[in-house]
Each structure stands twice: as C-alpha cells, then as structure tokens.
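Trainee: Return a 3D structure for these sequence lines:
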Amino acid sequence: GKKSLRQRAVDELKHYYNGFHLLWIDTKVAARMVWRLLHGQVLTRRERRRLLRTCADLFRLVPFLVFVIVPFMEFLLPVFLKLFPEMLPSTFETESKKEEKQKKKLNAKLELAKFLRETIAEMAKRNKADTG
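Mentor: Here you go, the predicted structure:
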C-alpha cells in the first residue's frame, strides 16, 4: 500500500543516515589504502577501483551537502538528479538504481559484442574472397 508522509520521511532519513554511514566506512578504508600507498605498498585492482570510487564520492559529496544543509532545498534534489544523474555519491544509490545501471552496462556490452562479431564475420568474408 501507500506509505504515509511521516513514514516516507522516516525512510528518507534512514536512507541518508545509511548513505553517510557507508561513506564514512569507505573513507576510513580509503585512508588506510592511501597510507599503504604512501609507504610503498601496491594496491590490487579491486582496491584501486574502491579508492577511486571513494575519492569520486567525496568530491560528489560537496554539491550534495548543499541540498542537505540548505532548508527545503532537498525538494529540488530530484530535479538536479534528473539533470545530473551521477551527482549522487554511490553510497546513496538505491538497489533499483544500481540494477538499472547494471542493465545499461550489460546492454552496452552486448551491443559492442554484436558489433565486434559482425565486424569479424565481415573480415573473414573479405579474407576468404581475397584468398579464394
């Protein structure tokens, strides 16, 4: 059923709390990785991607905080997210948004694979025509 206004507000507050909590945890882990880098250790590919994602999230947090701090500006947040979909730090994304992103990436990969398959098939035909 439809949730009351109070319940929706509580759900949004929980969502923001969880997002900030996850961002804090990611920041602590990233700080340890930077410390390891400064002491000459090498990061794995997975650690490097996590460090880059966390740094990008911290830079995205600055404009996002304006919406959280300025009173009643959070009502404009959906408009700005529609205009700038990557503005929101990754820890604040919902599961449906993550699934939607994964579907878009998968479709792009499938299109690329289809293009490459067609290109290779055409190259094979040309080579066969040249040799035969």
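Trainee: C-alpha from now on. contacts and neighbour counts both.
Mentor: Noted.
Trainee: Run the chain-centre distance for stretch 116-126.
Mentor: Relative to the mean C-alpha coordinate of its chain, stretch 116-126 is positioned 34 Å out (C-alpha atoms, centre = their mean, to the nearest Å).
Trainee: Output the lowest mean pLDDT helix or strand found in this structure.
Mentor: helix 77-83 (a mean of 82; mean pLDDT, DSSP states H and E).
Trainee: and it, which residues are buried?
Mentor: Across helix 77-83, burial judged by 16 or more other C-alpha atoms under 10 Å covers 77, 80.
Trainee: which other helices and strands contact that helix?
Mentor: For helix 77-83, there is no helix or strand it packs on, judged by 3 or more C-alpha pairs under 8 Å, 6 or more residues apart in numbering; DSSP states H and E.
Trainee: what distance separates it from the middle of the whole chain?
Mentor: Using C-alpha atoms, centre = their mean, the offset of helix 77-83 from its chain centre is 16 Å.
Trainee: Over to stretch 86-105?
Mentor: 5 Å.
Trainee: which of the residues in it are buried?
Mentor: Result for stretch 86-105 [16+ other C-alpha under 10 Å]: buried residues 87-92.
Trainee: Name the residues that touch it?
Mentor: Here stretch 86-105 makes contact (C-alpha atoms under 8 Å, 6 or more residues apart in numbering) with 15-16, 18-20, 22-23, 53, 56-58, 60-61, 63-64, 81.
Trainee: Brilliant, that's me finished.
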